[in-house]
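Undergrad: Here is a sequence together with a model predicted from it:
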Amino acid sequence: MGARLYGKHLGSKPDNDNQPKAKASEIPLEHDERRTAPVIEKEGGKGWFCLITVPQGEYRCQDALSEAGVPSYVPTETYWERRRKGRDLYLTELQRPMFRGYVFAHLPNPEWRTDAAGVRYPVLPDAWGPTIKPRHQPSSPAGVLSCLGNNGSPAPMPIRYMQADGTLGGIAPMADEEREGWFDERKRQSLIAFREARTAEAQRLAALPAVAKGDRIQITEGPFAGATGTADNDNDGRGRFRVLTSVFGGMALMEVSLDAVENLDRPMHKAPAALRRA
C-alpha cells in the first residue's frame, strides 16, 4: 500500500541513448497506491503536529499512523520517470515526499498538569502512542524521531496564515493545492496555462473602459431605472457617457453616470478611465 518508493529503484537499468528505442509505454500508479492530500480543518482540542521521521521513513510513518487511526499528511509530488526494461521504455508514474523527513499528524493537544512543586508539564494523550519513542530505542514504532515544539512540548502547526506577499500559507492551503494538481508534473502545466490565460483576460478587461461604445446597458437608478439601451460612446474621465434608449415610445440619447447603470455585456470597472491609465 502507498506510493512507490522514491530514489533509486532496484532492478532498473540506466538509459543508454545509443540503444535502439522502442515506443514508450506508460505505467500509471494504481488507485490504491496513489497518495492524496486530506482536507485539513481546525478541530477543537486537536492540532496538526509536525513529526520528524527516520530517513526515507515518511510513508512508512504515515501508514503506521493510518493503521492506528491517526490522520496524517505527507505533502507529495507526482512525477514521471523513464525506465527501461530490456529494449522497451516505460514512463512510470511515481510519487515522493516534498519535504524529506517530515509528516504532519492530526493529534490531540498535550494535557498540562502541575506537580507537587508547582511545575507544569505536558502529558501526551494515548493517541500519541505510535509517535512515542520507547526507552533505549532510536525511534518510535511509527519511525518518529521527535516532534517540533516549544520548550520541550509538541506545538501544533498553523493551519493557515497570511504571508507577506498577500497569499495564504500553512498546511491547509498546501493540501488544497496538492488536490488541485499543482504538485503533479503533468497537471501543473495545464493549470499554469489556465492561470496565465485567465490573468491575460482579466488584464484585457481591466484595460477597457467600464462602458464602451456598443455595450448593452441597463439603467439601475433614477426615473428610468430598468430601461435598457446601447452605449453611444465610451465613458469619459468623469465616469459619464451617453446611452440610446427608448423613452415614451421613441429613441432618445441621455447622459448617465457609471454609478447608475449596469453593463450587460461584461463586468464593469467603475474607476474613471483617466485614473485607470495613471
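TA: Received the coordinates, thanks.
Undergrad: can you pull out the strands in the stretch 51-200 of the chain?
TA: With DSSP state E, counting those that start in this stretch as the criterion, the stretch 51-200 of the chain has strands at 72-73, 76-85, 88-97, 102-108, 111-114, 120-123, 144-147, 149-150, 153-154, 161-162, 168-169.
Undergrad: Deepest in the core, which of those is it.
TA: Of all those, strand 72-73 has the most neighbours on average by mean count of other Cβ atoms under 10 Å, namely a mean of 24. C-betas here are computed from N, CA, C, even on glycine.
Undergrad: Sketch out the low-pLDDT regions of the chain for me.
TA: Residue ranges of the chain with pLDDT under 70: 1-24, 269-278.
Undergrad: quick one: the spatially most central residue of the chain from R195, how far?
TA: Residue closest to the mean C-alpha point of the chain, counted by Cα atoms, centre = their mean, is E177 at 2.0 Å. According to Cβ to Cβ, to the nearest Å, E177 and R195 sit 12 Å apart.
Undergrad: residues touching the closest residue to Y79 other than its chain neighbours, list them.
TA: Nearest residue to Y79, sequence neighbours excluded (Cβ to Cβ, 6 or more residues apart in numbering): E185, at 4.4 Å. By Cβ atoms under 8 Å, 6 or more residues apart in numbering, the contact set of E185 is 77-80.
Undergrad: Out of those residues, the closest to T228 would be?
TA: T78 (50.6 Å; Cβ to Cβ).
Undergrad: How much space separates that closest one from F99?
TA: With Cβ to Cβ as the criterion, T78 and F99 are 15 Å apart.
Undergrad: Which residue ranges of the stretch 151-278 of the chain form helices?
TA: Using DSSP state H, counting those that start in this stretch, the helices of the stretch 151-278 of the chain run over 171-180, 185-207, 273-277.
Undergrad: Give me the residues contacting stretch 142-162.
TA: Outside stretch 142-162, the residues within contact range by Cβ under 8 Å, 6+ apart are 40-42, 47-54, 57, 60-61, 64-65, 68, 103-104, 107, 109-110, 122, 124, 130-133, 138-139, 168-173.
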